[in-house]
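>>> need a 3D model of the following:
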Amino acid sequence: MLEYGLPFAFTVLVWWASTGAILYLDGLPRRTFPRTMIAMTLLAALAIWGMWYSSGQTTVAGAYCGFTCAILIWAWQEVAFLLGYLTGSRRTPCPEGARGWRRARYAFDAVAHHELALVFLAIAVVLATWDRPNHTGLWTYLVLWTMRQSAKLNVFLGVRNLNADFLPEHLKYLQTYFVRAPMNPLLPVSVAAATLVAVPLWLAATAPGASAFTVASTTLVASLLSLAILEHLLLVLPLPAERLWSWGMRSHEATRRAKAALRAAAPTPADVPIVAAIVPPPARH
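Numbers count the residues shown, from 1 in each chain. Below is the predicted model of the structure:
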């Protein structure tokens, strides 16, 4: 059981830790954003090289490396989005009264650049693994991409838990494109379709005679897909899922307190006449 338990535990740890780390980074003061983006870009470039290198190795280490590199590449676009570098052409709340396809178009405009970045990253991942025997990184990225698109559509159509607290202050306008509802017709379809893919993956991982590489690779991908299914269920279950990453949200709270302190120390409107009286107006000629 260790050959299944280790990749499963590794996937859970990476999923939990990477999500919390990203939330922590986007909650820091905005002056830190350029340094964060530069560091993540260098890390993503290294991850693309690592995926290319590991995709030629059908070993357990190669499976873990490809999986981890895909997570790092995915983390780059998550950070770029949450820091506000890759969002969309519309950076304002959804207009009141927008319904149907009009609202859908506005919502897409709000994240269009992010969606385009996902396509370019997918192309980079495909090229890095093209005609190579180890596709762990490719399948990992495809699971992340597909399930994230599904989650976005479900949040757009309506779910109980919007996880709006995860958004930094500069992206709060995106909440206006979400809908809070007990359920929407797409969510059961999303969970069922993902389950139909996850079950064969688990069967392949546990098949008699499967090589150590196949077990590790397939278990990593199947575990990630299973966690994505769980995330979909948490969108509608009455559970405080945000507590899983409360440690990552501490930076958000610290930044909010710092901003509140600055506002409290700023001159009030009552102080303005006093300042105006002390500082004479410029002379007119």
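>>> can you map out the helices along the stretch 151-285 of the chain?
186-205, 212-234, 250-265, 272-278 (DSSP state H, counting those that start in this stretch).
>>> mind telling me which of those helices the model trusts least?
With a mean of 45, helix 272-278 has the lowest mean pLDDT of the helices of the stretch 151-285 of the chain.
>>> quick check: what element follows whichever strand or helix holds Ala9 along the chain?
Secondary structure from DSSP states H and E places Ala9 in helix 2-26. Remark: after helix 2-26, the chain's next helix or strand is helix 33-54, criterion DSSP H and E.
>>> before we move on, the earlier item: got JSON lines for the helices of the stretch 151-285 of the chain, with distance to Leu244 too?
Where C-beta positions appear, they are placed from N, C-alpha and C, glycine not excepted. Below are the helices of the stretch 151-285 of the chain laid out as JSON lines (distance: least, C-beta to C-beta, whole Å):
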{"stretch": "helix 186-205", "distance to Leu244": "19"}
{"stretch": "helix 212-234", "distance to Leu244": "9"}
{"stretch": "helix 250-265", "distance to Leu244": "14"}
{"stretch": "helix 272-278", "distance to Leu244": "46"}
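>>> select, out of those, the one closest to Met1.
Taking C-beta to C-beta, helix 212-234 is the member of the helices of the stretch 151-285 of the chain nearest to Met1, at 11.1 Å.
>>> that closest one - contacts with which helices or strands?
helix 2-26, helix 60-82, helix 136-157, helix 186-205 (3 or more C-beta pairs under 8 Å, 6 or more residues apart in numbering; DSSP states H and E).
>>> show me what counts as buried in the first one.
For helix 2-26, a neighbour-count test (16 or more other C-beta atoms under 10 Å) marks 4, 6-8, 10-11, 14-15, 18-20, 22-26 as buried.
>>> wait, what's in contact with Val143?
Val221, Leu224, Leu225, Ala228 (C-beta atoms under 8 Å, 6 or more residues apart in numbering).
>>> tell me how far the longest helix along the chain lies from the chain's centre.
Among the segments of the chain that qualify as a helix by DSSP state H, the longest is helix 100-129. Distance of helix 100-129 from the chain centroid (C-alpha atoms, centre = their mean, to the nearest Å) equals 13 Å.
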